[in-house]
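*Asks:* What would the 3D arrangement of this be:
(one chain, ligands or ions: 1)
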Amino acid sequence: MTEFSSTGYWEDRYKSGGHSCSGSRVVLSKYKVGFLNKFFRNHKIDSVIDLEVGDGQVAQGLRVPGYLGVDLSRSTLDLVKKANEPSMHKRFMLSGDLEASGISSDVTMSIDVIFHLVEGDVDDCHMSTLFDRSTQWVIIHTSNFDRPGDPSHVRHRCFSAWIHANRKDWGLHQYNPNPHFSPPKAKLPDKTFAEFYTFRRIG
Ligand SMILES: C[S@@+](CC[C@H](N)C(=O)[O-])C[C@H]1O[C@@H](n2cnc3c(N)ncnc32)[C@H](O)[C@@H]1O
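*Replies:* Numbers count the residues shown, from 1 in each chain. The predicted model follows:
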């Protein structure tokens, strides 16, 4: 059996005209954008790195002076760049290029990404980048329990255990119960198993 590759899966999905996922559509997207813009306002955030921008539905609604959207898929980045052309404050780059750039920001965020990182080493790399590229805040929107996924491009992870083990200089700022929450098995429209967690550098 061929091993699943998240990189191959997402590039193929975007190339063939696919979208990010149900979490980026209407109700859930509105909730995510509302939460993020309020956070940016309340904490006077100037710069954000969005670790994996996807189809850009969320990115389009964000209001922050400096926004950098990153994704592994060139196909989706081309489309998202076009859709955001009027905005002088939004830039986009391939995940691989971020590594070499040395760029950091007030906030880094991972929105509906961690439960798509099926391979363990990929998850480790994503988490490290998330915390290494932020000067103050990390925002995560995902599930926080270990469970094999259904379908194959989903793998639930207890990401807070990774932070506890690997980033002693960061602490949980707030867990935000999602009003649209439902457990993974329910698969209800306009519901999600992902919730917002914000972390702050304490060291
Ligand atoms: C469901 S989308 C979320 C997009 C966006 N953050 C949102 O909330 O609309 C998941 C994203 O994770 C990215 N992704 C999946 N596997 C990845 C990997 N191995 N490395 C980096 N990004 C990955 C995909 O490119 C995809 O854009």
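*Asks:* Give the next helix or strand downstream of the helix ranked longest in the chain.
*Replies:* In the chain, with assignment by DSSP state H, the single longest helix is helix 26-42. Downstream of helix 26-42, the next assigned helix or strand under DSSP states H and E is strand 47-51.
*Asks:* Neighbouring strands - and their directions - for that following strand?
*Replies:* Strand 47-51 sits in its sheet next to strand 66-71 (parallel), strand 105-111 (parallel), going by DSSP bridges.
*Asks:* of all these, which lies closest to the ligand?
*Replies:* Proximity to the ligand (C-beta to the nearest ligand atom) singles out strand 105-111 among those, at 3.8 Å. In short, each C-beta sits where N, CA and C put it, glycine included.
*Asks:* Tell me how far residue 193 lies from residue 140.
*Replies:* As for residue 193, its distance to residue 140 is 13 Å (criterion: C-beta to C-beta, to the nearest Å).
*Asks:* Name the residue of the chain that lies nearest to the ligand.
*Replies:* residue 54 (2.4 Å).
*Asks:* Burial check on the residue nearest to that residue when sequence neighbours are not counted, number of neighbours?
*Replies:* Nearest residue to residue 54, sequence neighbours excluded (C-beta to C-beta, 6 or more residues apart in numbering): residue 20, at 3.5 Å. For residue 20, the neighbour count with other C-beta atoms under 10 Å is 24.
*Asks:* wouldn't residue 20 be in contact with residue 55 here?
*Replies:* Yes - using C-beta atoms under 8 Å, residue 20 is in contact with residue 55, at 4.4 Å.
*Asks:* buried stuff in the longest helix of the chain?
*Replies:* 28, 29, 31, 32, 33, 35, 36, 39, 40 (16 or more other C-beta atoms under 10 Å).
*Asks:* I'd like the average pLDDT over the longest strand seen in the chain.
*Replies:* Ranked by residue count and defined by DSSP state E, the top strand of the chain is strand 134-142. Averaged over strand 134-142, pLDDT sits at 98.
*Asks:* got it, and stretch 188-202?
*Replies:* If you average the pLDDT values across stretch 188-202, you get 94.
*Asks:* Likewise for stretch 35-47?
*Replies:* With pLDDT averaged residue by residue, stretch 35-47 scores 98.
*Asks:* distance between the longest helix of the chain and the chain's centre?
*Replies:* In terms of C-alpha atoms, centre = their mean, to the nearest Å, the centre of helix 26-42 is found 13 Å from the chain centre.
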